[in-house]
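S.K.: Okay, predicted coordinates and the sequence, questions at the end:
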Amino acid sequence: GAVVSQHPSRVICKSGTSVKIECRSLDFQATTMFWYRQFPKQSLMLMATSNEGSKATYEQGVEKDKFLINHASLTLSTLTVTSAHPEDSSFYICSAPPQATNEKLFFGSGTQLSVL
Amino acid sequence: RKEVEQDPGPFNVPEGATVAFNCTYSNSASQSFFWYRQDCRKEPKLLMSVYSSGNEDGRFTAQLNRASQYISLLIRDSKLSDSATYLCVVILNSGGYQKVTFGTGTKLQVIP
C-alpha cells in the first residue's frame, strides 16, 4: 500500500532555531498533504494543507510566517518551524488524503519536536 | 457545535469487557467514516472503515447511523493490547476539495 515517509522522527533543538520536517510519498503522487500538530493528551489538529505548485492553505490561528509549508514536487512536502520556541514543542505529523472515496488516509510516522 | 465529537474519556474497563464508543458529526454531507487507533506519540493506524450497513472485524463492530449522524465502535472481549486512543475520522468531499476532520479521541485503558 501507499507509504508516506516522514523525517526526522525526533528533534531536540535550542530556542530560536528553525526545524524542517519532510514528508515524502514513496509509491504514489500526492498533490495534497495535510499537516497536523498534536499536543499531549489532545487530538490531532489540522494546521495547514499543502498543495503541489501552489500556496498552502492554513487553518485559522496558524501563523503562516512561523510554519512555512512547501510542496515542491508531487512526492515531497515540507514543514519548517521557524524560530522555534518551547511552546512549539509538539508532535507533528503529515498525512496524504485518500486516493479514492472510502480509502484510508496515509500517515507519516510523526516528528516529536522538543524545543529547549 | 464541533464538527466531530466523541465520548469523553478515559474509559477504564476490565479485561474481557465490552465497550462502546460513539462519535457524532455535524455535516450531513459527510461521505466517508473511519475509526483509527493511536498509541502514544505514534501515527494513527486505521482500525476499520465504517459502512452504512455496519461492518465487523473480529471483536470490533462499527456502525453508521446517517439519520442521527453518528458512528459507533464496539469492542468485545477487551484485551490489554486494546489500550489506546480511538479516533473517529469524518471525510467530506465537496467540489474537488477534501476535508478530513478528526474527533478528539477517546482513551481506552483495559485493566488486568
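M.R.: Now that the structure is in, tell me what you want to look at.

S.K.: Verify the stated contact: B:Leu64 with B:Ile71.
M.R.: Yes. With contacts counted by C-beta atoms under 8 Å, B:Leu64 reaches B:Ile71, the gap being 5.1 Å. Glycine gets a C-beta too; all of them are placed from N, C-alpha and C.

S.K.: Overlap in contacts, the two.
M.R.: Common neighbours of B:Leu64 and B:Ile71, counting by C-beta atoms under 8 Å, 6 or more residues apart in numbering or on different chains, are B:33, B:50.

S.K.: Settle it for me: which of those two has more neighbours?
M.R.: B:Ile71 (26 against 20; other C-beta atoms under 10 Å in any protein chain shown).

S.K.: which secondary structure element contains A:Gly61?
M.R.: For A:Gly61, there is no enclosing helix or strand under DSSP states H and E.

S.K.: what pLDDT does residue 95 get?
M.R.: All of this refers to chain A. Looking at A:Ser95, its pLDDT stands at 93.

S.K.: actually chain B
M.R.: Note for B:Gly95: predicted pLDDT of 72.

S.K.: Next, the contact list for it, please.
M.R.: By C-beta under 8 Å, 6+ apart, no residues touch B:Gly95.

S.K.: what number of residues lie near A:Met47?
M.R.: Neighbourhood size, A:Met47 [other C-beta under 10 Å]: 21.

S.K.: So it versus B:Ser52, what's the distance?
M.R.: Computed as C-beta to C-beta, to the nearest Å, the A:Met47 to B:Ser52 distance reads 32 Å.

S.K.: List the beta-bridge partners for the residue nearest the centre of chain A.
M.R.: Nearest residue to the geometric centre of chain A (C-alpha atoms, centre = their mean): A:Trp35, 3.6 Å. For A:Trp35, the beta-bridge partners under DSSP bridges are A:Ala48, A:Cys94.

S.K.: Hmm, it is touching A:Cys94, no?
M.R.: Yes. With contact defined as C-beta under 8 Å, A:Trp35 reaches A:Cys94; the gap is 5.5 Å.

S.K.: joint contacts of these two?
M.R.: Contact with both A:Trp35 and A:Cys94 is made by residues A:77, A:79, according to C-beta under 8 Å, 6+ apart.

S.K.: Which helix or strand lies directly C-terminal to the worst-scoring helix or strand of chain B on mean pLDDT?
M.R.: Here the helix or strand of chain B ranked lowest by mean pLDDT, DSSP states H and E is strand B:97-102, holding a mean of 81. For strand B:97-102, the succeeding helix or strand toward the C-terminus, using DSSP H and E, is strand B:106-111.

S.K.: Adjacent strands (with direction) for that next one?
M.R.: Sheet partners assigned to strand B:106-111 using DSSP bridges are listed as strand B:11-14 (parallel), strand B:84-94 (antiparallel).

S.K.: Now do the last one: everything it contacts.
M.R.: So that's strand B:84-94. A:43-44, A:98, A:101, A:105, B:3-4, B:6, B:9, B:21, B:23, B:25, B:27, B:29-40, B:44, B:47, B:71, B:73, B:98-103, B:105-108.
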